[in-house]
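Trainee: sharing a model prediction with you, sequence too.
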Amino acid sequence: MMESSIKEIFYPSEEEIKMNRFPVALTIAGTDPTGGAGIQADLKTFQELEVYGMSILTSVVAQNTQGVSDIHHLPLSMLAAQLESVFSDIQPHAIKTGMIATAEMMEIVASRIKSKQTQYIMDPVMVATSGHHLIDEQAVASLKESLLPLATVVTPNLPEAEALTGSPVKTVDDMREAAKVIVHDLGAGSVVVKGGHMEGDAFDLFYDGFSFHELITPRINTRHTHGTGCTFSAAIAAELAKGYTLLDAVKTAKQFIQLAIEHTWGLGKGNGPTNHMAHRRVKGAAKND
Ligand SMILES: Nc1ncnc2c1ncn2[C@@H]1O[C@H](COP(=O)(O)OP(=O)(O)OP(=O)(O)O)[C@@H](O)[C@H]1O
Ligand SMILES: Cc1ncc(COP(=O)(O)O)c(N)n1
């Protein structure tokens, strides 16, 4: 009895194996030794959403809930070698990129993603919550020209939307304008402009090039929002890897991050990480409402 129940829970069905549709997601990002952001947060999120996670490191970051103390960018040859290791063996159904600090790194990643028919989620990580810059100034141009046009969806917060569009993004109207520029001028397939940095409700705006969808949840009054953007975009990647539509994936990711923030453990002396397991506590949480 025990044997069969374990098998049911942890192993894909014969059907899933046959269909080769055991969902696989890949994150290409930096690290966070305290586990709240970067590839650590991405892999936790993939796993919680029952997607097999793979990860490629771009930079090793010495950071915690109080800030970033040092960053080591991996040699370009190591980035290329990791990409070859993965793509020569296991094909992901969705690829997510987070922190990619230099233009050279972005060009290497873009050349591999371009050759893939896969969903690509770009989290345009630029500045950590602590204020530390995680990307070179000149890399922003490469992010816009090489990576962004490949994205199925891009998930800028307000400062990142400003950096991408060159215009202030402070109000909902600004968010709408920025969303149109990011899709129609910069070439992203779709965009979620995240309103975590605004006052009032946690208001995100999803734009797919045709219609706007407002995703609004009550703002949680907490300082523990380290890695919220990483976790949110990783959740979108997981849901797309499972075959859900873009709108359903974004809705599920919104629910996931809301619970992760609401049930934070408050770890660390600064801005603590979210609780990637929180969704398990909500019995029968709707997958997509
Ligand atoms: N205090 C909060 N309460 C509820 N939702 C929040 C809160 N802060 C952020 N969010 C939500 O978390 C998600 C991530 O948005 P946010 O603006 O924090 O991204 P970010 O700045 O890129 O995150 P980070 O840089 O910390 O990884 C969005 O869905 C946003 O609405
Ligand atoms: C490797 C990595 N990627 C992304 C972030 C942004 O997260 P936050 O804005 O919460 O610091 C980070 N701090 N570290």
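Mentor: It's in. Ligands and ions are numbered 1, 2, ... in the order given.
Trainee: average model confidence for stretch 157-168?
Mentor: Averaged over stretch 157-168, pLDDT sits at 96.
Trainee: equivalent analysis for stretch 61-73, please.
Mentor: According to the model, stretch 61-73 has a mean pLDDT of 97.
Trainee: how about Ala101, secondary structure?
Mentor: When classified by DSSP: H, G, I helix; E, B strand; the rest coil, Ala101 comes out as coil.
Trainee: for it, give me its contacts.
Mentor: Ala101 is in contact with 30, 58-59, 71, 73, 134-136, 139, counting by C-beta atoms under 8 Å, 6 or more residues apart in numbering. From N, CA and C alone the C-beta is placed, and that goes for glycine too.
Trainee: quick one, phi/psi of it?
Mentor: Per-residue torsions, Ala101: phi -80, psi -30 (degrees, to the nearest 10).
Trainee: renumber starting at 40 from here on
Mentor: Renumbered: residue one is now 40, and that last one reads Ala140.
Trainee: list just the nearest of the contacts of Ala140 to Asp224.
Mentor: Ala178 (19.6 Å; C-beta to C-beta).
Trainee: burial count for that closest one?
Mentor: Ala178: 21 surrounding residues under other C-beta atoms under 10 Å.
Trainee: show me where pLDDT drops low in the stretch 190-328 of the chain?
Mentor: Within the stretch 190-328 of the chain, the stretches with pLDDT under 70 are 322-328.
Trainee: rerun at 80
Mentor: Applying pLDDT under 80 to the stretch 190-328 of the chain picks out residues 321-328.
Trainee: ranges for the helices of it?
Mentor: Under the criterion DSSP state H, counting those that start in this stretch, the stretch 190-328 of the chain carries helices at the ranges 197-204, 211-219, 267-280, 285-301.
Trainee: which helices and strands sit right next to the first one?
Mentor: Judged by 3 or more C-beta pairs under 8 Å, 6 or more residues apart in numbering; DSSP states H and E, helix 197-204 is in contact with helix 211-219.
Trainee: what does the stretch 40-189 of the chain put close to ligand 2?
Mentor: With the criterion set to C-beta under 6 Å from any ligand atom, the stretch 40-189 of the chain comes near ligand 2 through 68-71, 76-77, 100, 102, 137-138, 164, 167-169.
Trainee: of the residues you listed, which belong to helices?
Mentor: Of the positions in these, Gly77 sit in helices, assigned by DSSP state H.
Trainee: looking at the helices of the stretch 190-328 of the chain, which one is packed in the most?
Mentor: Across these, the average number of neighbours (mean count of other C-beta atoms under 10 Å) peaks for helix 267-280, which reaches a mean of 29.
Trainee: helices or strands up against it?
Mentor: Here helix 267-280 is seen to pack against strand 63-68, helix 77-87, strand 133-136, strand 158-161, helix 285-301 when contacts are counted using 3+ C-beta pairs under 8 Å, 6+ apart.
Trainee: who touches Phe295 in this structure?
Mentor: 84, 87-88, 270-271, 274, 318.
Trainee: mind checking which of the helices and strands packed on helix 267-280 is nearest ligand 1?
Mentor: Evaluated with C-beta to the nearest ligand atom, the helices and strands packed on helix 267-280 place helix 285-301 nearest to ligand 1, the distance being 4.6 Å.
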